[in-house]
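task: produce atomic coordinates for the following.
(2 chains)
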2 protein chains.
Amino acid sequence: MTALTTDFAQPTTDEYPTRKTTEPALLYRRDPVVWGDAAEGPIDRATLDGYEDKGYLQIDQLLTAEELADSRAELKRLSEDPELRRDERVVVERKSDEVRSVFDVHKISEHFAALVRDPRVVGRARQILGSDVYVHQSRVNYKPGFTGTDFYWHSDFETWHAEDGMPRMRAVSISIALTENYAHNGALMIMPGSHKTFVSCVGETPEGHYQASLTKQEIGTPDQGSLSILADKRGIDVLTGPAGGAIMFDSNCMHGSNGNITPFPRSNVFIVFNSVENTCGEPFSAPSPRPEFLGSRDFTPVG
Amino acid sequence: MTALTTDFAQPTTDEYPTRKTTEPALLYRRDPVVWGDAAEGPIDRATLDGYEDKGYLQIDQLLTAEELADSRAELKRLSEDPELRRDERVVVERKSDEVRSVFDVHKISEHFAALVRDPRVVGRARQILGSDVYVHQSRVNYKPGFTGTDFYWHSDFETWHAEDGMPRMRAVSISIALTENYAHNGALMIMPGSHKTFVSCVGETPEGHYQASLTKQEIGTPDQGSLSILADKRGIDVLTGPAGGAIMFDSNCMHGSNGNITPFPRSNVFIVFNSVENTCGEPFSAPSPRPEFLGSRDFTPVG
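From the prediction side, this is the model:
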């Protein structure tokens, strides 16, 4: 055999090691943020540049008033369906016994399946990722008023890489607001620019970890020192906006949300698009992949 | 004896019944909001009108940069004083074992005593309350980053009336920010206009209730229905502002704060001024008054 360098694409090389050592680390992102360009879709150049810089973009009105009303009615129907309550894909809040999330909504609900296929939605995802895309995960979230709990800081990619085997940072999430997001009712918070740094976390993923992590994340939690460094750089953006609007954010954004003692609940539809050129393999830091409804193994392009 | 009507000031009449029945109620405020006028002090007419309408006012810069630095140094000294840790007036966060509040700071610290006597502070309080004032309560608060817990909705007056025997709504709080208040780090939230409605709460105050209520309020908690009515009327204001700024708010404002997962801690000095014409008597809904450091019985005017 001739001597080969290892300087070529190795899908099993771990570009973003995490949960492997006892010390946290800040690593450089090794992937582009925007893979397509302004000529290819509905997002204009300035908005794409903002996405590249901050790691997210906002759309003031994605849904019409009628579409919004239909989506809210469908959300209500799903949260009240007694059969769904017994489904593993339905997550119930520990204290209040209320539905907190319904996963796989694009499979469970024809209404939300159509929303995923909508060119306003999937078209933007294709443009950012520069390829065909498939749905890695979808869900609706319901964060109640008065007792809505916080969601601690995390990078989605860290979990998808460690537990779902997603190789590279080439995925984008869209959160479509079904209720108004105020600064005071637990809106999404993002550390702008944080998507360019990978926070390697400590700890080891136990078997079946996803069950606990759905209601409270323990492993894969960034350390306070790294969070302070990222937040001190450019602060924290609170992403407010009207119902029917949307946020798209990079898979590696450091994000979270505070609790919500206000009377105003929050609901959104959340869809993760991954590039078909970035399909998931074996987990990078977990004994086995999470269930299909959390990290799909069906890589059929949307469309 | 001649027959007298009861149509005169009766300090023992309960104008604001609470914790006496099993049903919550919304009652009209029976007191002015602003007792003085614009000619009497540092607050201008427009700001006084805003206070009357919303129940609060904001001061962008109350402290100079140097005064702010001095106050922060004093706060640090207090939170690290090992002797103070054993003092009943020092409240420690349950989970983290960190200092959350130091009460009676105007007695414990000469620095903060001088701040209370400062004409920029007490002058504004006198103007709003239209009389000499005394300190009903003072404290510094320290809300840590990452793990800062929420403070549920409440009217301070409800507690002061029920547990300290404060007869009328003629008290004002000033919160002086020692750190920047962002929308995302647990800033004070006020329901504007809520000070004109008294939410009568259910339940009965047990003996020694204040000990539990310092870290988590249970009795005297407004019901969700009343909170929704107040919030739906005019929404919720999140009171952001720079370090060195201040907020003054009416004793009956419905207020609270969300938790704080951000790395940014929050500290403030909090002083409650009560009119010398509104001194506290027997509690209206508690077996005995709270300790002096929570509701002072020393009615000596400031200054």
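
C-alpha from now on. contacts and neighbour counts both.
Fine.

model confidence for the closest residue to A:Met189 other than its chain neighbours, exactly?
Residue nearest to A:Met189 in three dimensions, not counting chain neighbours: A:Val238, with 4.6 Å by Cα to Cα, 6 or more residues apart in numbering or on different chains. A:Val238 carries a pLDDT value of 98.

now do the contacts for A:Val238.
Residues near A:Val238 by Cα atoms under 8 Å, 6 or more residues apart in numbering or on different chains: A:183, A:187-190, B:183-184.

just A:Asp53 next, same as before
A:Asp53 is in contact with A:192-193, counting by Cα under 8 Å, 6+ apart.

can you classify it as helix, strand or coil?
With DSSP: H, G, I helix; E, B strand; the rest coil as the basis, the three-state label of A:Asp53 is helix.

next one: it from A:Gly256, what distance?
19 Å (Cα to Cα, to the nearest Å).

the nearest residue to A:Ser200 once chain neighbours are set aside - how many residues pack around it?
Among residues not flanking A:Ser200 along the chain, A:Thr18 sits closest, at 4.5 Å (Cα to Cα, 6+ apart). Other residues near A:Thr18 number 25, with proximity taken as other Cα atoms under 10 Å in any protein chain shown.

tell me the pLDDT at A:Thr18?
95.

separation between it and A:Asp53?
A:Thr18 sits 24 Å away from A:Asp53, taking Cα to Cα as the criterion.

ranges for the strands of chain A?
A:25-28, A:56-59, A:90-92, A:99-103, A:133-143, A:151-155, A:171-177, A:189-190, A:197-200, A:237-238, A:246-250, A:254-257, A:266-275 (DSSP state E).

now do the fourth one and strand A:266-275, the angle between them.
It stands for strand A:99-103. Computed by axes from the mean of the first three to the mean of the last three Cα atoms, to 10 degrees, the angle separating strand A:99-103 from strand A:266-275 equals 20 degrees.

the fifth one now?
What separates the directions of strand A:133-143 and strand A:266-275 is an angle of 160 degrees, with the same axes, to 10 degrees.

in stretch A:96-104, what's buried?
A:98-104 (16 or more other Cα atoms under 10 Å in any protein chain shown).

do you know the pLDDT at the closest residue to chain B within the stretch 51-200 of chain A?
Nearest to chain B, among the residues of the stretch 51-200 of chain A, is A:Ala183, at 6.1 Å (Cα to the nearest Cα). For A:Ala183, the model assigns a pLDDT of 96.

surely it touches A:Pro242?
No - using Cα atoms under 8 Å, A:Ala183 is not in contact with A:Pro242, being 11.5 Å away.

which residues are contacting stretch A:291-302?
By Cα under 8 Å, 6+ apart, stretch A:291-302 touches A:89, A:103-104, A:116-117, A:122, A:132-138, A:160, A:164, A:276, A:279-280, A:289.

those residues, buried ones only, as a ChimeraX selection?
Only the buried entries of these go into this ChimeraX selection, using 16+ other Cα under 10 Å:
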select /A:89,103,104,116,122,132,133,134,135,136,137,138,160,164,276,279,280,289
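
how about the nearest residue to the residue in the stretch 101-250 of chain A positioned nearest to chain B, chain neighbours excluded?
In the stretch 101-250 of chain A, the residue that lies nearest chain B is A:Ser228 (5.6 Å; Cα to the nearest Cα). Closest residue in space to A:Ser228, ignoring its immediate chain neighbours: B:Pro263 at 5.6 Å, by Cα to Cα, 6+ apart.

neighbours of that neighbour, how many?
Applying other Cα under 10 Å, we find 23 residues neighbouring B:Pro263.

which residues does it contact?
Neighbours of B:Pro263 in contact, by Cα under 8 Å, 6+ apart: A:224, A:227-228, A:231, B:145-146.

distance check, it against A:Trp153.
According to Cα to Cα, B:Pro263 and A:Trp153 sit 10 Å apart.

my read: A:Asn258 touches A:Ala187, true?
Yes - between A:Asn258 and A:Ala187 there is a contact at 7.4 Å, judged by Cα under 8 Å.

these two: which has the busier surroundings?
Higher neighbour count among A:Asn258 and A:Ala187: A:Asn258, with 30 against 24, using other Cα under 10 Å.

give me the spatial nearest neighbour of the more buried one, chain neighbours excluded.
Counting by Cα to Cα, 6+ apart, A:Asp150 is the residue found nearest to A:Asn258 once chain neighbours are left out, at 4.4 Å.

mind checking pLDDT for A:Arg100?
We have a pLDDT of 87 for A:Arg100.

residues touching it, list them.
By Cα under 8 Å, 6+ apart, the contact list for A:Arg100 reads A:90-93, A:141-143.

using JSON lines, lay out those together with neighbour count, pLDDT and distance to chain B.
Shown next, in JSON lines, are those (neighbours: other Cα atoms under 10 Å in any protein chain shown; pLDDT from 0 to 100; distance: Cα to the nearest Cα, whole Å):
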{"residue": "A:Val90", "neighbour count": "19", "pLDDT": "93", "distance to chain B": "26"}
{"residue": "A:Val91", "neighbour count": "21", "pLDDT": "91", "distance to chain B": "22"}
{"residue": "A:Val92", "neighbour count": "19", "pLDDT": "86", "distance to chain B": "21"}
{"residue": "A:Glu93", "neighbour count": "17", "pLDDT": "75", "distance to chain B": "18"}
{"residue": "A:Asn141", "neighbour count": "22", "pLDDT": "92", "distance to chain B": "20"}
{"residue": "A:Tyr142", "neighbour count": "25", "pLDDT": "89", "distance to chain B": "18"}
{"residue": "A:Lys143", "neighbour count": "24", "pLDDT": "85", "distance to chain B": "14"}
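
most widely separated two among those?
The most widely separated members of the contacts of A:Arg100 are A:Val90 and A:Lys143, with 13.7 Å between them, by Cα to Cα.

the stretch 1-150 of chain A: helices as residue ranges?
A:45-54, A:65-80, A:105-108, A:110-117, A:119-129 (DSSP state H, counting those that start in this stretch).

which secondary structure elements does the last one sit against?
I take that to be helix A:119-129. Here helix A:119-129 touches strand A:133-143, strand A:171-177, strand A:266-275, going by 3 or more Cα pairs under 8 Å, 6 or more residues apart in numbering or on different chains; DSSP states H and E.

who touches the longest one?
Residues lying outside strand A:133-143 but in contact with it, judged by Cα under 8 Å, 6+ apart, are A:75, A:99-106, A:122, A:125-126, A:149, A:265-276, A:293-297, A:299-302.
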